[in-house]
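Peer 1: Sequence plus predicted model, see below.
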Amino acid sequence: MLPGADAEQIYPLLAQHHLHPILFGVVIASIFAAIMSTADSQLLVAASSVVHDFYEKVLMRGQSLPQRRLVLYSRIVVVILVLLALGFGAIASQVVFWLVLFAWAGLGASIGPTSILALFWRRTTRAGVASGLIVGTVVTCIWRYTPLLKGFMYELIPGFTLAFLTTIIVSLLTEPPEDADNLFKSMHRSDYGL
């Protein structure tokens, strides 16, 4: 019953059928606002990386560049990135959606558990974090590219779970830094009034 049998259409479809037209407009506007907010942030970060991090600091290292030129180059890079994204989206619209899901799974499975444990468990070690990052990434990739596993479950779930467990196990098997308690305390309640 969904347009194009696309599960991504469920939210707008339910809003259209169950909400007053004005509220439906607010829902659709909120969806586009979230999309535009993310897109413009990503474009600005990418343009800044190309112009400031690569052009200014690598290609023109040591030279004083006028700010107007850097702004102009940033705008040109944004236009180029938009055109590339539009072209890629038009050619491979289904691929873009699955690439985003796969990227989210990889990032969530590698960075998510290690960040949670580093923030809330004082026993987390550097070796535990490194191993959790590696295991989360590897499990996500293997799960995604193994046909039997891919159809069983979304790769983020096993990647996150195994990275979480790996971080805990390796942290328990390795020695924490000598000043672990001081580091942990400095990041929590006393500094932020929590």
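Peer 2: Structure received. Residues are numbered from 1 along each chain as shown.
Peer 1: Tell me which stretches of the protein form helices.
Peer 2: Assigned by DSSP state H, the helices in the chain fall at 10-18, 21-48, 67-91, 93-120, 126-145, 147-150, 156-173, 180-186, 189-192.
Peer 1: now for the fifth one, which elements pack on it?
Peer 2: Based on contacts counted as 3 or more C-beta pairs under 8 Å, 6 or more residues apart in numbering; DSSP states H and E, the elements that helix 126-145 packs against are helix 93-120, helix 147-150, helix 156-173. (C-beta placed from N, C-alpha, C; glycine too.)
Peer 1: So which of these is the most surrounded?
Peer 2: helix 156-173 (a mean of 19; mean count of other C-beta atoms under 10 Å).
Peer 1: thinking again about what came up before, pipe the helices of the chain into JSON lines and attach mean pLDDT and distance to V58 per row.
Peer 2: Output for the helices of the chain, formatted as JSON lines (pLDDT from 0 to 100; distance: least, C-beta to C-beta, whole Å):
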{"stretch": "helix 10-18", "mean pLDDT": "85", "distance to V58": "43"}
{"stretch": "helix 21-48", "mean pLDDT": "91", "distance to V58": "14"}
{"stretch": "helix 67-91", "mean pLDDT": "89", "distance to V58": "14"}
{"stretch": "helix 93-120", "mean pLDDT": "85", "distance to V58": "26"}
{"stretch": "helix 126-145", "mean pLDDT": "93", "distance to V58": "27"}
{"stretch": "helix 147-150", "mean pLDDT": "85", "distance to V58": "39"}
{"stretch": "helix 156-173", "mean pLDDT": "95", "distance to V58": "33"}
{"stretch": "helix 180-186", "mean pLDDT": "63", "distance to V58": "33"}
{"stretch": "helix 189-192", "mean pLDDT": "50", "distance to V58": "36"}
